[in-house]
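In: Here's a sequence, model it:
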Amino acid sequence: MRMLLAFIVISLSEQFKIKHADTESFICIGKNGHKQILVECKDRIIATEFGHEITNEGLGFIFPLGKSKVWNTTTSLQVEIRKKRGRKNQLYNIVFVLPDLYLITSQGACVTFISSNYFLNKCNLTNDQLFTIIYNDEEVNQMTETKKILNKITPLGPAFETLQKMIEDNKIIARHMARAHKYLTEKQSNQLPLGFNETSLPMGS
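Out: Numbering: from 1, shown residues only. Have a look, this model is predicted:
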């Protein structure tokens, strides 16, 4: 039986932590020399809290709370933390895939966990690209659906092709309240999946 996936670009109005969907690891801010980069951490207590600011075009800046810096893609495609300049390589979307399951995308690519760091890479819908958004510590133990879903997802087939097409071909931006699972359940019978397209642009550090 084929699995149908619904994708929607979301705007997060609350502070949140980003957890790997298949492990008990989180995204934190670390250092590489004088640069601040995204790194994996195992402690949810010290995991970085982020916010997501949406621009008029529907794209957004992801930023650590209390900082004037945002996620930034370098020329080597690594995700780091830099001063906000409003450039295209600083715009990221958080894309709802399924309950408790999200992709983080920028310029047609997906944030991917590679060797303890985070880079933009081709979207494959694999475990190293799937995340859970945690709004408070009490939610950490409530993410039961994610692991069940991960056991059913393969990187190939209709679901993957649908995701790739939506990222490359569409520019439909939808506003989505946090925890919109009920909304999607009610609408899935008569609403087409929503997605977006971000124009491929040169990335600078």
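
In: what residues go with each domain of the chain?
Out: Per the record's domain assignment (the TED database), the chain is made up of the domains 15-144, 154-187.

In: ok, which stretches of this protein are helices?
Out: Applying DSSP state H to the chain gives helices spanning 145-150, 158-169, 181-187.

In: Would you single out the least confident of the domains of the chain?
Out: Mean pLDDT is lowest for domain 154-187 out of the domains of the chain, coming in at a mean of 43.

In: Format the domains of the chain as CSV; extra columns: mean neighbour count.
Out: (Each C-beta comes from the backbone N, C-alpha and C, glycine too.) Putting the domains of the chain into CSV (neighbours: other CB atoms under 10 Å) gives the following:
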stretch, mean neighbour count
domain 15-144, 17
domain 154-187, 14
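
In: which residues are contacting stretch 17-25?
Out: By CB atoms under 8 Å, 6 or more residues apart in numbering, the residues outside stretch 17-25 that reach it are 26-27, 40-42, 44, 47-50, 100-102, 104, 113, 127, 130-134, 140, 143, 146-147, 150.

In: Could you list which of these belong to strands?
Out: Of the positions in the contacts of stretch 17-25, 26-27, 40-41, 50, 101-102, 104, 113, 131-134 sit in strands, assigned by DSSP state E.

In: Could you identify the most distant pair in these?
Out: Of all pairs drawn from the ones in strands among the contacts of stretch 17-25, the widest gap by CB to CB lies between Cys41 and Leu101 and measures 20.6 Å.

In: Tell me who's in contact with the residue lying closest to Ile133 once chain neighbours are set aside.
Out: Nearest residue to Ile133 in three dimensions, chain neighbours excluded: Phe16, at 5.1 Å (CB to CB, 6 or more residues apart in numbering). Contact partners of Phe16, counting by CB under 8 Å, 6+ apart, are Glu49, Phe50, Gly51, His52, Ile133, Ile134, Tyr135.
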